[in-house]
Structures are given as structure tokens and as C-alpha cells.
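Peer 1: heads up, no residue letters with this:
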Ligand SMILES: Nc1ncnc2c1ncn2[C@@H]1O[C@H](COP(=O)(O)OP(=O)(O)O)[C@@H](O)[C@H]1O
Ligand SMILES: [Mg+2]
């Protein structure tokens, strides 16, 4: 039970990071981006690729299974994931946004997600991979609860990122513009702000969080080209649960989904675990269409 | 003679290329002049100010500020062109605080200038001060209008465009808003205002344009138009008589 709780919080925090990026782009760009989950896979694999270079310089830093090389590899992955997101927006979403219906953009994001997954399959192959083969010794916190140092790191980093993002959104001009953009894009322009710049930064931030989320997933579970596909439903469940555009909502939503998934194993066969976020999503949409905390704004429009 | 502050010439504009709403509208605003645009519902008054602000594409004709052409201006460059615009609806961010609304309006200024002018805005609109940290959704219609105008003035524009600033306000608030605008004119700012209240519009402004069905119908000194039977006819009839 205790172990399931701890596992749930871990999965939940990884889902939360991905869901924050999704909720930001959904709230601001007003479309459901199915390709967001693939940014997570892309980030995870870019870090793996970068590790081939950075990993040669130093070994892991105990008690973690990784060291500075993975930190640098993650930074490279963040840059490459942001670049991919900007490229996709420039080539696909931006031309479509101005000329076609909402649904066209959503379907296009489906196409993009398939394409990204195929590219990853082509480059890295389909089998599971790991950042490190080091064995980690789990720490026994109390009877019935063992945690890995990597897991503690994951939780700490997630917490730090959420706090930093909150301060950014509340205290900086760019953060303020992003919040305003979710409510009324025309009025933001009238206020003298170039919304194209704000949109670009939104992609960069969403992609960066996706990349970090992907690396943490690869670190605590494993790397597979289907990471994004499997996270897709949990991400949307978390974002919608928390209210589209609501950053803290996405965090809480992520934790709820993660906990529900891991606790469900206690009651139903593990094979049904993947269906849990789907039921949460349905239940929320039925009872509170705007999410538990309500959206920053009406949401996708 | 120096060029006019704002000159709109034969503008054709609409939300869709195949469906123009404005069929060649012209108007001008001089320095420290208050000009109102009136006309029946759906005449295209809002579309006209949106077109000037770059929110509705102009397919023919031109807009110039002090002789410099700004047709199809990128909306975020309004302030650079010395124009500020208060839309008819949704003119404040209800999910942001009063302070944040003003900060956003000042985001093209340096931090120091922004701070100074926001402080001045609270002095000029003291009613807003007590709501500083609260979301703008708590404000009444009149207070929102105040906030929207205060925001628009932060960039110290030479032309202020207002779309029906008196809509939904109590008569007391209307006269308060209008007397504010009068003092602005005295400081050399020009105003282009869409107004649904014909009497009020003709009473407050120097000149008035009557628009109907996306076309200029009548214009001239507001004092003279006040007694014009044709103006009344445009409002009573379906678009009024042709000239
Ligand atoms: N966003 C829009 N998209 C399409 N048509 C619009 C839009 N806004 C207004 N219109 C149409 O443009 C015409 C003029 O509207 P508007 O400029 O708002 O009139 P006014 O402000 O004079 O009442 C109307 O026929 C209206 O239906
Ligand atoms: Mg109107």
C-alpha cells in the first residue's frame, strides 16, 4: 500500500511535468496537441543520443545511477526538443491555425505525433534502452517502503520546476503575457505585445518540460519509442482534470492520475492499469467539464 | 499645413475577403480634436476602428497617421504609431488583477517608466486603487471602462480610439467618463470615439460621422448635425435616405 503510494507519486510527478507543458500550450494556442506526448519521447531519446558524447567524460555520482553527463545530456535534449517544437509549429500548426478549422489542427497534431515516433524508431530502433547499467541500491525508509535515490531526485526536481515556473508566470513580463494570451489574444496585441514571440516561448517552455519529463521517465522506468503514446492519455487526463491552462491544476491532476494508476493495481488486474486515466478523464468530463479547479479561461476555443 | 493626425481613405475591409463590411469609408481626425462615429447597429462602426487597429484586414484604401501610412498595421505596433485603442467588449483581462492589467499595458515601456506611469494612472483614476490586487472580474462595468482607458493612456498616445465607452454605464458614470475625455483633449490628445448615444455624441464632440451599412452617410460639425432631420432619419428608417 505504502509502496504503491510512493510509486504513484513518482509516476504522478513525471505525468505532471508533461501535463504542465500540455496545459500551457492548450490554454494559449487553444487546440489539443496530440503531438505533445511525442515531445516527451523525443526529449528522452535526444538525451540518450547526447549521452553517447557526454557520457564518456565522467561516471555516475553516487548514490544516483547517473552523474553530470546526464545533466548535460538533458540540457542538450531540452534545446533539441524546443527546436523540434518550434519547427513543428512553424511548418504545420502556424499555417493551419490561421486558415483552417480547429479540428484540422488537432488531426494534424495526430499526424505529426506518428511522424515523430517513426523517426525515433528509425534512429534508435524499437527495443528498450537505459541511460545507465549501474545498479542502484534502494533505501529502506521504513518497513514496507523502499525508495531509489533516483526517485527522490525526480520528486525534488519536479517540485523545484513547478515552483520556478509559478514564479516565472507570476513575476515576469513574459509570464504575464502568457497568462493574458490564454484569455484574450487580440487584447494582448492591442497592449503592444507581439503574440508570435509569446507563442514561441510557450512552445519552448512546454517542450523543455516535456524533455525533462522524458528523461525522468527514462531514468526511473526505461526508454521505449512508445513512451509518448502510453503517456498520452494520462497527460490529457491530468491537464483536463486540473483545468486547461491551469499550471497548478496540471500538477495536482498529474499526481491524482499517477496515484490512481498505481493504487488501482491493488484492486484490479495490472493489465487494466492503462485504462484508469481514461475513466478518470470520462468521470471529470461528466461531472466538471472545466476541470476540478476550472480553467484559466474557457479553454480550447 | 501639417498632415492630419489620422486620415482614413476609401477603406474597404471585412472579416472575410469575399464579404466586405466597409465599402469605402473615409474620415479624418485633427490634433486635439474629438470626433465621434455614430450609426445604427451593424453599420460597421466597430469594424472601422478594428480595421484601423489592424484587427480586420483592409483590402483597399489607406490609413495614415501624421502622413505616414499604417494600413494593415500589425496590431502590436499601435503604440509605436501613437495610437491607443479600447475595444467595445472584453477590454480588460478579467483573469488578471488590476495591477497586472496595467503592467501588461505598460510592457512596451522600460520598467522605470512603467512604474511611474502606473502610479500616475492610480492618481488619475483613484477608484481603481482599492482594487489593485484583485482580479478585474470584480469590477463593475464603469470601473472596467476606467481601467481600460487608464491602460490605454499608459503609452501616452496621441490618438485614443474608444468603441462605445458609455455602453451599459449609469448616466452618472457616463458623464464622469465623458468629462475625463474632455480633459484629455485639453492636453492635446485626439479622440476617435464610436458612440451609440446620438445625443451624447453630438453634444460632446467637435465633429461627427454618421455611418450606415458600411458607408459614410453624413458628416460635419456636431453642433450643426444636432438639428439635422436626416441624422434622425438614418436611425429611424432602415439605413435612411440616400443623399
Ligand atoms: N467577428 C466578426 N466576424 C464576422 N462578421 C462580423 C464580425 N463582427 C461583426 N461582424 C459583422 O459586421 C457587420 C458590422 O458589425 P459592427 O462593425 O460590429 O457594427 P457596429 O459596431 O456598427 O454595430 C455586422 O453585419 C456584423 O454582423
Ligand atoms: Mg459596435
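Peer 2: Here it is on my side, so go on. This one's a predicted model, so the numbers in the text were calculated from it and none came from an experiment. Ligands and ions are numbered 1, 2, ... in the order given.

Peer 1: can we go C-alpha only for contacts and neighbour counts from here?
Peer 2: OK.

Peer 1: Tell me the residues on chain B that lie near ligand 1, please.
Peer 2: Residues of chain B found near ligand 1 (Cα under 6 Å from any ligand atom) are B:15, B:21, B:41-47.

Peer 1: wait, what's in contact with the closest residue to residue A:41 other than its chain neighbours?
Peer 2: Using Cα to Cα, 6 or more residues apart in numbering or on different chains and skipping the chain neighbours, the partner closest in space to residue A:41 is residue A:228 (5.3 Å). Going by Cα atoms under 8 Å, 6 or more residues apart in numbering or on different chains, residue A:228 touches A:37-41.

Peer 1: any idea which helix is longest in chain B?
Peer 2: helix B:171-186 (DSSP state H).

Peer 1: sorry, back to before: the residue nearest to residue A:41 is in what secondary structure piece?
Peer 2: Taking DSSP states H and E as the definition, residue A:228 sits inside helix A:227-242.

Peer 1: Quick check: what element follows that helix along the chain?
Peer 2: Assigned by DSSP H and E, the successor of helix A:227-242 is helix A:247-264.

Peer 1: Quick one: residues in contact with that following helix.
Peer 2: Contact partners of helix A:247-264, identified using Cα under 8 Å, 6+ apart, comprise A:1, A:4-5, A:7-17, A:19-20, A:23-24, A:162, A:166, A:234-235, A:237-244, A:270, A:273-274, A:276-277, A:280, A:292-293.

Peer 1: Narrow the residues you listed to those that are buried.
Peer 2: A:4-5, A:7-17, A:19-20, A:23-24, A:162, A:234-235, A:237-244, A:273-274, A:276-277, A:280, A:292-293 (16 or more other Cα atoms under 10 Å in any protein chain shown).

Peer 1: ok, residues contacting stretch A:210-221?
Peer 2: Contacts of stretch A:210-221 (Cα under 8 Å, 6+ apart): A:14-15, A:17-18, A:21, A:36-37, A:39-45, A:47, A:74, A:77-78, A:81, A:130-131, A:150-151, A:154, A:223.

Peer 1: neighbours around residue A:142, how many?
Peer 2: Neighbourhood size, residue A:142 [other Cα atoms under 10 Å in any protein chain shown]: 9.

Peer 1: swap in residue B:183?
Peer 2: Counted with other Cα under 10 Å, residue B:183 comes out at 11.

Peer 1: what's the spacing between it and chain A?
Peer 2: Between residue B:183 and chain A the distance is 23 Å, computed by Cα to the nearest Cα, to the nearest Å.

Peer 1: from the contacts of stretch A:210-221, which would you call buried?
Peer 2: Neighbour counting with 16+ other Cα under 10 Å marks A:14-15, A:17-18, A:21, A:36-37, A:39-45, A:47, A:74, A:77-78, A:81, A:131, A:150-151, A:154, A:223 as buried within these.

Peer 1: wait, what's in contact with residue 15?
Peer 2: Because you didn't say which chain, this covers chain A. Taking Cα under 8 Å, 6+ apart as the test, what residue A:15 contacts is A:213, A:231, A:234-235, A:238, A:254-255, A:258.

Peer 1: try again with chain B
Peer 2: Residue B:15 touches B:21, B:56-57, counting by Cα under 8 Å, 6+ apart.

Peer 1: what do you get if the cut-off is 7 Å, keeping everything else the same?
Peer 2: Residue B:15 is in contact with B:56-57, counting by Cα atoms under 7 Å, 6 or more residues apart in numbering or on different chains.

Peer 1: Local confidence estimate at it?
Peer 2: Listed pLDDT for residue B:15 reads 94.

Peer 1: what does residue B:240 give?
Peer 2: Note for residue B:240: predicted pLDDT of 42.

Peer 1: Can you tell me the number of residues neighbouring residue A:140?
Peer 2: 11.

Peer 1: Off-centre distance for the biggest helix by length in chain A?
Peer 2: Criterion DSSP H: the longest helix present in chain A is helix A:2-29. Once both centres are worked out by Cα atoms, centre = their mean, to the nearest Å, helix A:2-29 turns out to sit 7 Å from its chain's centre.

Peer 1: between that helix and helix A:247-264, how big is the angle?
Peer 2: 150 degrees (axes from the mean of the first three to the mean of the last three Cα atoms, to 10 degrees).

Peer 1: Just want the angle from helix A:2-29 to helix A:227-242.
Peer 2: Using the same axes, to 10 degrees: helix A:2-29 against helix A:227-242 is 80 degrees.

Peer 1: Helix or strand next in line after helix A:2-29, which one?
Peer 2: By DSSP H and E, the next helix or strand past helix A:2-29 is helix A:36-54.

Peer 1: for residue B:165, phi and psi?
Peer 2: Here is the backbone geometry of residue B:165 (degrees, to the nearest 10): phi -70, psi -20.

Peer 1: ok, the closest residue in space to residue A:19 that isn't next to it in sequence - contacts?
Peer 2: Closest residue to residue A:19 apart from its sequence neighbours, by Cα to Cα, 6+ apart: residue A:235 at 5.0 Å. Neighbouring residues of residue A:235 by Cα under 7 Å, 6+ apart: A:15, A:18-19.

Peer 1: Now tabulate those residues in CSV and tack on pLDDT.
Peer 2: Output for the contacts of residue A:235, formatted as CSV (pLDDT from 0 to 100):
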residue, pLDDT
A:15, 94
A:18, 94
A:19, 95
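
Peer 1: Let me know how buried residue 226 is, in neighbour terms.
Peer 2: All of this refers to chain A. 17.

Peer 1: Can you look at chain B instead?
Peer 2: 16.

Peer 1: Kindly report the same for residue A:163.
Peer 2: The number of residues packed near residue A:163 is 13, by other Cα under 10 Å.

Peer 1: mind checking the SS state of it?
Peer 2: Classification of residue A:163 using DSSP: H, G, I helix; E, B strand; the rest coil returns helix.

Peer 1: now residue 223, nearest residue through space, not along the chain?
Peer 2: Reading this off chain A. residue A:129 (4.9 Å).

Peer 1: Chain B is the one I meant
Peer 2: Spatial nearest neighbour of residue B:223, chain neighbours left out: residue B:202 (6.6 Å); criterion: Cα to Cα, 6+ apart.

Peer 1: Pull out the buried residues from the strand or helix carrying the one you found.
Peer 2: Using DSSP H and E, residue B:202 maps to helix B:198-204. For helix B:198-204, burial by neighbour count (16+ other Cα under 10 Å) applies to B:198, B:201-202, B:204.
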